[in-house]
Structure formats: structure tokens, C-alpha cells
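>>> Here you go, sequence then predicted model.
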There are 2 protein chains.
Amino acid sequence: MKNIKEKLIELLKLGYCTPQIARIAKKIKEPSTTIHYNIKKLEKEGVIKTYKAVFDYKKIGIEFCSYVLINLAPEEYSNPERIARELIKFPQIECIDIVTGDYELILKIRTKNIEEYYEFVKNILSRKGIVKIKSLNSLKQIKSEFIEV
Amino acid sequence: MKNIKEKLIELLKLGYCTPQIARIAKKIKEPSTTIHYNIKKLEKEGVIKTYKAVFDYKKIGIEFCSYVLINLAPEEYSNPERIARELIKFPQIECIDIVTGDYELILKIRTKNIEEYYEFVKNILSRKGIVKIKSLNSLKQIKSEFIEV
DNA sequence: AATATTTTTGGAACAAAATTCAAAAAACTA
DNA sequence: TAGTTTTTTGAATTTTGTTCCAAAAATATT
């Protein structure tokens, strides 16, 4: 058996999807050429960044989810984006925001399990510039990416 | 003008997209019928919940984003899901999680601006059962829904 | 008001992709 | 091993997306 499932998940998580022009046209009762024109325009303008699948993460074995509140070292205050942009590439990170309040960064993390999360914290969140983190572990996800889960 | 843009955004935010089977087939060098079979299987099993667009929210005028940490009243501790599920329907809410730590719930909120956010807090987060909230306002989004923004 | 630009629309022709079907291969079960 | 289920696959069919007009309508600009 070919392990196609894993490859599909990897691709569909970030892209390889497309709008259903004919279905949308029927739904809002407009000609499909008009829908086509408008969607291509949104894509060109960068309004639409991608089309992707939303998964039931439990069902693909990504069981653990956590929000991480991060304090940066004072010398990073002048440019918190530096560390934030270093973190972009890690596929376990769903969201990164620079925020107001008692913390400088907030991350949303997804890992297979708590062991992988522990490794993630040790390896990735131990970098210079991060002085303190606080985990809010998700006990139950109710909504994610605007989708009820 | 028909304001098709708004209708498109509304539909594409939650669905009306589909996987690009032929493109995936080429990418991972498998017959497209095999890809088709596997994707339909994932859909039937509920592994894939939907296909949707990811937007540059700034470009569609959804400028404000905030994470809200919520403390529930003690009488809600036995069933924090009750309030969480009441909140699902509000389109401003991107994520809802029940979490460990000093708070019971965490939300991720998107509104046009801070005024709409203020209305949201007054009208929706003032409900019985919620005793305290803390906002972490996003100053800058770096990554969202796994996509660099 | 006149002009320019953008958006909407239809139709047709084409290209590309999705879906169905049947059969073969592989994996699993007893 | 024999039988069952699941997965893979190619060929044919159906559906859908794309493009190319050209024209009308709406909007914006001067």
C-alpha cells in the first residue's frame, strides 16, 4: 500500500485547493464568468492567500494543541518581529502574533502528543531572546480556523 | 456594482472550495483516480472538514485581531463547554479552546476595528457565566491558519 | 457633461479536471 | 490457503474551468 494519506494531508494543509466557481455561481445566482472575473481579481490583489483543507486534527493523530504566551528579552523589544519570523517555518506553529499585555508573542501550536510538544519547547522555544513562556494547553477544541470541530 | 466581493468572501471563508486532484496527482506522481479515491475516503471519514480560502484580513477590512482569555464563574466549571458552544455561531470568533492554567477559555477574535471589538465584548462576552476577561490584542500577525501573512 | 476606467454579462470554443466504472492488485482475515 | 475487503489503476464519460471575444452597464475622473 502506498502511504498516500500522509502526502495528501501535507499538501492540502497549505494549498492544492481551488474555488468551485460553478457552484458559487449557482449559489449566488450570477454568471460564472462574473464569478471567475471577481475571484481572479481577488487572487491578483493578494486578498486571497491560498485555498486549503481544514482537518479534524484528532483524526490525523495531531492530538495536542497549546497556546504559548512568550516573554522576550528586553533587547528584543525593539524588534519582536525578528524572533517571530524565525518561527514561521516550523510546521507545528499554526499562528504567531505580536501582542499587547503581559507578553510579547502568542503562538498556537499543534503536535502529535505532549512528548512532541516537550521536544518543541526544548528545541525551538529555548532560543536566545525568549526569556519566559507560559503554556495554555487546550483540553478541548470547539472551533478552529472558523470551523466547528 | 453588485458587491460580489463580499458574497465571495463570505462563502470562501467557510467552504465552496475543492481539492485540485490533477495537480496533486502530478505533484506526487500517482494516477489521478488514486488521488480521487483517497481524498473521497478522507472526506467520508470526516478527516477533512472543509476546503476554504485563507484571506489577507487587512485587505478585506478586518483589521483588528485579539486573543481573549476568559475566566468562568465557578458554577460553570463543571461544564465549560456550555458557554463555549454558545459562542460558536459568532462569525467574529476564529478559535475557541478550553484550556488549562489561569483561564478556562481562550478565543481568537477578528473584527473590522476596535469599535466593533468593543461592541463584541459588550454584547457577547458580557454573558452570565463569564466573570473576567483579558485581551491580548494583536499588534502584528505573522502567521495565521498555518499560512504566513 | 464628457471621457475614461472598471465591472458585468453572454456565448462559444476549448482545455482541463472530476467522476464513474470495471477490473486487477494488494492487504487483510479466518 | 481460500475468501473477503480494501486499494490501485486505466479508459471512458461527464462536468467544470478557462479563455476569448465583444458589448453593455456601472463607476470614477476631469
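In hand now; what should we look at? Predicted model only: the values in this text are computed from it and were never measured.

>>> Only C-alpha atoms, please: export the longest strand anywhere in chain A in PDB.
Counting residues, the longest strand in chain A under DSSP state E turns out to be strand A:130-144. Extracted in PDB, the C-alpha atoms of strand A:130-144 (Å, rounded to 0.1, in the frame of the first residue of the first chain):
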ATOM      1  CA  ILE A 130      13.000  34.200  24.700                       C
ATOM      2  CA  VAL A 131      13.200  34.500  28.400                       C
ATOM      3  CA  LYS A 132       9.900  33.100  29.700                       C
ATOM      4  CA  ILE A 133       7.000  31.100  28.300                       C
ATOM      5  CA  LYS A 134       3.600  30.100  29.600                       C
ATOM      6  CA  SER A 135       1.500  27.300  28.100                       C
ATOM      7  CA  LEU A 136      -2.200  27.200  28.000                       C
ATOM      8  CA  ASN A 137      -2.900  23.700  26.900                       C
ATOM      9  CA  SER A 138      -6.100  23.000  25.000                       C
ATOM     10  CA  LEU A 139      -8.300  20.500  26.800                       C
ATOM     11  CA  LYS A 140     -11.000  20.600  24.200                       C
ATOM     12  CA  GLN A 141     -11.200  22.400  20.800                       C
ATOM     13  CA  ILE A 142     -14.600  23.800  20.000                       C
ATOM     14  CA  LYS A 143     -13.800  26.000  16.900                       C
ATOM     15  CA  SER A 144     -10.700  26.300  14.800                       C
END
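
>>> who touches that strand?
If you take CB atoms under 8 Å, 6 or more residues apart in numbering or on different chains as the criterion, strand A:130-144 is touched by A:54, A:57, A:64-73, A:83, A:103, A:121, A:125, A:148-149, B:69, B:81, B:84-85, B:87-88, B:93-101, B:103, B:106. Any C-beta I mention is one placed from the backbone N, CA and C, and that applies to glycine too.

>>> Among the residues you listed, which are located in strands?
A:54, A:64-72, A:148, B:69, B:93-99, B:106.

>>> Need the buried ones from those residues selected in ChimeraX.
Buried members of the ones in strands among the contacts of strand A:130-144, defined by 16 or more other CB atoms under 10 Å in any protein chain shown, are picked up in ChimeraX with:
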select /A:54,64,65,66,67,68,69,70,72 /B:69,93,94,95,96,97,98,99,106
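
>>> Flag every residue of chain A that's near DNA strand C.
For chain A, the residues found near DNA strand C under the criterion CB under 7 Å from any atom of the strand are A:1, A:30, A:31, A:33, A:34, A:37, A:38, A:41.

>>> List the residues that contact the nearest residue to the third one once chain neighbours are set aside.
In space, not counting the residues next to it along the chain, residue A:31 is nearest to residue A:25; the distance is 6.5 Å by CB to CB, 6 or more residues apart in numbering or on different chains. Contacts here follow CB under 8 Å, 6+ apart; on that basis residue A:25 touches A:31, A:32, A:34, A:35.

>>> quick one: the closest residue to DNA strand D within chain A and residue A:30, what's the gap?
Nearest to DNA strand D, among the residues of chain A, is residue A:22, at 2.7 Å (CB to the nearest atom of the strand). Between residue A:22 and residue A:30 the computed distance is 11 Å (CB to CB, to the nearest Å).

>>> Those two: which has the busier surroundings?
residue A:30 (16 against 11; other CB atoms under 10 Å in any protein chain shown).

>>> Which segments of chain A make up each domain?
What the record gives for chain A is the domain set A:16-53, A:57-148, from automatic domain parsing.

>>> So which of the ones you listed is nearest residue B:6?
Residue B:6 lies closest to domain A:16-53 among those, at 10.3 Å (CB to CB).
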